[in-house]
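**Student:** Build me a model:
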Amino acid sequence: RMRITSAGNLGIGTSSPSAQLHIVGSATTNQVKIENTDGGAASAPDLVLFRNSASPADNDALGRIHLRGKTDTGAENNYAYMYATSADVSNGNESGNLFIGGLINGADRSWLSLKEYEVAVNDDSNDMDFRVESNANTHALFVQASDGAVHIGTSTNGSAGAGDLVVNGGVFLGGTDTAH
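**Tutor:** Predicted coordinates:
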């Protein structure tokens, strides 16, 4: 069932839409599906969030995706989000930023920032570890947020202190094998 209100809001599955497009469903299958049957190699289907500003400026917010749910008291919360900004709108020098974040202990925090000049993990200095896996090692590279130690091949400090580099395996510096 569809309804268009006098304000121009379109409701699908609801008789009182609270946004320009409001879709309500109770099934756990896809609620929105965009399908393209082109057999070529071109990109499709595409979902475009277009900020059509009459006066574009550096650092304009371009669009945001919220992943929202309820708390145990029924309050609505944004648990995670992703948004983009225009870092530089100068023709020929355009740059963009992408940010991913969400709630940590009830506070809105940055998890990952992809900027025109850097990739930053844990930009808000949360107690959030960083870990890279390989085929053979779950902690090929590991940064312990609580003490700043950097680990290679392990997640255990052993007798190392805060901020130390901890390596499990051989170390090769300047072509010299110091492990053998």
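
**Student:** SS state for the residue sitting nearest the centre point of the chain?
**Tutor:** By Cα atoms, centre = their mean, the chain has its centre lying nearest to Ile100, at 2.8 Å. With DSSP: H, G, I helix; E, B strand; the rest coil as the basis, Ile100 sits in strand.

**Student:** Quick check: it touching Tyr81?
**Tutor:** Yes: the pair Ile100 / Tyr81 is scored as a contact, 7.4 Å apart, by Cβ atoms under 8 Å. Every residue, glycine included, has its C-beta placed from N, CA and C.

**Student:** Show me where the chain dips below the pLDDT cut-off.
**Tutor:** In the predicted model, the chain carries pLDDT under 70 at residues 160, 162, 175-180.

**Student:** Direction included, what does the lengthiest strand in the chain pair against?
**Tutor:** The longest strand of the chain (DSSP state E) is strand 76-88. Counting by DSSP bridges, the strands paired with strand 76-88 are strand 60-70 (antiparallel), strand 95-104 (antiparallel).

**Student:** so how far is the shortest one from its chain's centroid?
**Tutor:** Looking back up the chat, that one is strand 95-104. Distance of strand 95-104 from the chain centroid (Cα atoms, centre = their mean, to the nearest Å) equals 5 Å.

**Student:** Stretch 17-26 now?
**Tutor:** From the chain centre to the centre of stretch 17-26 is a distance of 25 Å (Cα atoms, centre = their mean).

**Student:** again, but for stretch 154-168
**Tutor:** Going by Cα atoms, centre = their mean, where stretch 154-168 is centred and where its chain is centred differ by 29 Å.

**Student:** returning to that earlier point: buried ones in the longest strand of the chain?
**Tutor:** 81-87 (16 or more other Cβ atoms under 10 Å).

**Student:** mind listing the strands in this protein by residue range?
**Tutor:** 2-4, 10-12, 21-23, 60-70, 76-88, 95-104, 107-114, 119-121, 130-132, 141-143, 150-152, 165-167, 172-173, 176-177.
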